[in-house]
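[1] Structure here, sequence nowhere to be found:
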């Protein structure tokens, strides 16, 4: 009898703690939603198929899947392909988090810094860096961030993240970085 009593005193508090942890979790493990992909979730959000509705759906889904927006969010880098200024899905995902951060910090001015690798001449790399920064700024403005809070600058190949000559080095250098003014 004493053995069962001690077991109950140990098991019951553990069950209470486990239940509290599950109820406080950001992801509901019981419905399996953490296993679904984003495109399906966006369609299932029920906002419609027009562009504005899809944006609303994406915001809801991103808030659900990426609820932790903190001070590091604004410093995440956006990467590009060779000579590209196009924003891919990964870049847009990073920018969506920045939008949420910027909405939470309305007085902050952000400098958008465009960079390139050393594969072109110096002037071409400055131009590519500027276009990358402007591409990011255009996306943020299109999504509702005040353009007066966004400053663009191009460093071209001046501030390399990796000075190597490998493909991986070039990938690290084709980026847009952010700083707060």
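    Arrived safely, thanks for sending. On a predicted model such as this, the values are computed, not experimentally measured, just so you know.

[2] For the protein, just list every one of the strands.
    In the chain, the segments counted as strands under DSSP state E are 78-79, 110-115, 150-156, 175-180.

[3] Buried deepest among those strands, which one?
    Comparing those by mean neighbour count (mean count of other C-beta atoms under 10 Å), strand 110-115 ranks first with a mean of 22. Using the backbone N, CA and C atoms, a C-beta is placed for each residue, glycine as well.

[4] Find me the pLDDT at residue 172, would you?
    Note on residue 172: pLDDT of 88.

[5] any idea how this protein splits into domains?
    1-34, 36-67, 69-181 (automatic domain parsing).

[6] okay, the strands of the chain in a markdown table with distance to residue 167 and mean pLDDT next?
    Output for the strands of the chain, formatted as a markdown table (distance: least, C-beta to C-beta, whole Å; pLDDT from 0 to 100):
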| stretch | distance to residue 167 | mean pLDDT |
| --- | --- | --- |
| strand 78-79 | 13 | 92 |
| strand 110-115 | 16 | 94 |
| strand 150-156 | 19 | 93 |
| strand 175-180 | 15 | 92 |
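
[7] Distance to residue 168 for those - can I get that in JSON lines?
    Shown next, in JSON lines, are the strands of the chain (distance: least, C-beta to C-beta, whole Å):
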{"stretch": "strand 78-79", "distance to residue 168": "12"}
{"stretch": "strand 110-115", "distance to residue 168": "15"}
{"stretch": "strand 150-156", "distance to residue 168": "20"}
{"stretch": "strand 175-180", "distance to residue 168": "13"}
